[in-house]
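**Q** below: sequence and its predicted model.
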Amino acid sequence: LIGTARKTIIKMHGSIDPCGPEPGWADPPVITRSDFETYEDKHRRLWALLRASYLSKTLLFLGFSFADANIEILQRLARRHGTAARDRHITVLKKPDGSYPDDLRRHTLKVRDLEMSGVRVHEVSEYEDLPLLLTELVRRTRPPRLFVSGSETGDTYGRQCEEMARALADRVDWEICSLGGHAGWGTTRELARIRRAEGTYDPSRLVFHSRRKEGPPPVEMDERIGTSVFDDLEREPLVRSLLDESRAVLVLGGGTRTAEEIAWATEFGLGVVPLGASGGTAHEYWEQHRADPPDLGGRQTDRATWDRLGADVDVAARAAAQLLAQAMYAPEARIIS
């Protein structure tokens, strides 16, 4: 058993002793059906850990077949503790192609047995589907970080940032991060003002990343808000590193550099929500996708909501907040058309 506060590795299948005069088992292997059936009695400490994990965490089971003894342990745990852990756990299985009807019937019965035991089964047609699913899962289980991109595009830009902040004020569990440009500073400053007044201000949730460069900053930060992090990276690697740890991107206005950040976000598979009413690159991206809005949060995007991104700024900000909830995998996210 190897573990930290965030990650734990549990190895159940024995250990080889590398220090002996010849190879041998430091711990006996767990291979046969009998080994699995007696595991609970022979490995009480590890079994207690597995049981605690089953009751308190969401487990994703990959890479087993219904012929494995492992699945009987899974079903035994599920039946014994199904009430406490119902519908919490997930497995991904390849569905038979139907060439052999008996295999398909057997698969259907086994899936039903698992789901009745409290394990949700996600069926795939090909194993090649797994990398995309796992990538989506990694993004969905990241800390809820929203990256804000964009720059000033006109006299009403300040109001656009204010409306966007009002629409996001209740998302106190999200981390709002940026490079401290016009969009990031304007939106984050207003968020801080609202949350201070409402008693929900947490500086760790409002983060500015600054990089070493020549010349004055793009925006003069005339208030102390949030948390500043100084990174010794050039712009592209810094932005890429932040996107690689974010769930979604909000775009307000912007020009060439904002377009680059949208391209990088798309490369990472992040949901991009443009406030079309803010003009600039945000409006261009919104307009380009009006006929076929991109999926957000692994779900289809409602066209009527996407259209409202280009309405008056107060309406557009509310639509952006709805779509960001979907892109950020918020549990209550739903699209109202």
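**A** Arrived safely, thanks for sending.
**Q** just want the most central residue of the protein.
**A** Arg140 (1.9 Å; C-alpha atoms, centre = their mean).
**Q** quick check, it in contact with Arg299.
**A** No: assessed by C-beta atoms under 8 Å, Arg140 is found out of contact with Arg299, at 11.4 Å. C-beta coordinates here come from the backbone N, C-alpha and C atoms, glycine included.
**Q** next one: stretch 118-135 to chain centre, how far?
**A** Offset of stretch 118-135 from its chain centre (C-alpha atoms, centre = their mean, to the nearest Å): 16 Å.
**Q** which parts of that stretch are buried?
**A** Using 16 or more other C-beta atoms under 10 Å as the test for burial, stretch 118-135 gives Gly118, Val119, Val121.
**Q** for stretch 239-246, same thing?
**A** The neighbour-count criterion (16+ other C-beta under 10 Å) identifies Val239, Leu242, Leu243, Ser246 as the buried residues of stretch 239-246.
**Q** closest one of those to Ser56?
**A** Nearest to Ser56 among the buried residues of stretch 239-246, counting by C-beta to C-beta, is Ser246 at 27.4 Å.
**Q** can I get the helix or strand encompassing Ile90 as CSV, trimmed to CA atoms?
**A** Per DSSP states H and E, Ile90 falls inside strand 89-94. Below are the C-alpha coordinates for strand 89-94, written out as CSV (Å, rounded to 0.1, in the frame of the first residue of the first chain):
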residue,chain,number,x,y,z
HIS,A,89,-19.4,3.2,-8.8
ILE,A,90,-18.8,2.9,-12.5
THR,A,91,-17.4,0.3,-14.9
VAL,A,92,-16.7,0.4,-18.6
LEU,A,93,-17.4,-2.7,-20.6
LYS,A,94,-17.3,-3.6,-24.3
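**Q** tally of neighbours for the closest residue to Ser151 other than its chain neighbours?
**A** Counting by C-beta to C-beta, 6 or more residues apart in numbering, His182 is the residue found nearest to Ser151 once chain neighbours are left out, at 4.7 Å. The local packing of His182 (other C-beta atoms under 10 Å) involves 21 other residues.
**Q** was I right to think His182 contacts Ser149?
**A** No: counting by C-beta under 8 Å, His182 sits too far from Ser149 to count as a contact (10.2 Å).
**Q** between these two, which contacts overlap?
**A** Residues within reach of His182 and of Ser149 at once, by C-beta atoms under 8 Å, 6 or more residues apart in numbering, are Leu252.
**Q** coming back round to it: out of the buried residues of stretch 239-246, who's nearest Ala167?
**A** Of the buried residues of stretch 239-246, the one sitting nearest to Ala167 (C-beta to C-beta) turns out to be Ser246, at 18.6 Å.
**Q** mind pulling up the pLDDT for the closest one?
**A** Ser246 carries a pLDDT value of 97.
**Q** and it, that one's in a helix?
**A** No: per DSSP: H, G, I helix; E, B strand; the rest coil, Ser246 lies outside any helix segment and is coil.
**Q** that one against Pro144, yeah?
**A** No: taking C-beta under 8 Å as the definition, Ser246 is not a contact partner of Pro144, at 9.1 Å.
**Q** the closest residue in space to the residue nearest to the centre of the chain that isn't next to it in sequence and Thr141, how far apart?
**A** Using C-beta to C-beta, 6+ apart and skipping the chain neighbours, the partner closest in space to Arg140 is Tyr329 (4.7 Å). Using C-beta to C-beta, to the nearest Å, Tyr329 is found at 9 Å from Thr141.
**Q** the more surrounded of those two?
**A** Counted by other C-beta under 10 Å, Tyr329 and Thr141 do not tie: Tyr329 has more neighbours, with 20 against 11.
**Q** now the more buried one, what's its secondary structure?
**A** coil.
**Q** show the pLDDT at it.
**A** 93.
**Q** what of Arg33?
**A** Among the per-residue scores, Arg33 holds a pLDDT of 76.
**Q** same question for Arg235.
**A** The model's pLDDT for Arg235 equals 91.
**Q** contacts only, for the closest residue to it other than its chain neighbours.
**A** With C-beta to C-beta, 6+ apart as the criterion, Arg235 has its nearest non-adjacent residue at 6.3 Å, and that residue is Arg211. Taking C-beta under 8 Å, 6+ apart, we find Arg211 in contact with Leu179, Phe230, Asp231, Asp232, Leu233, Glu234, Arg235, Leu238.
**Q** and the next helix or strand past the helix or strand encompassing the last one?
**A** With the criterion set as DSSP H and E, the secondary-structure element containing Leu238 is helix 235-243. Once helix 235-243 ends, the next helix or strand along the chain (criterion: DSSP H and E) is strand 248-253.
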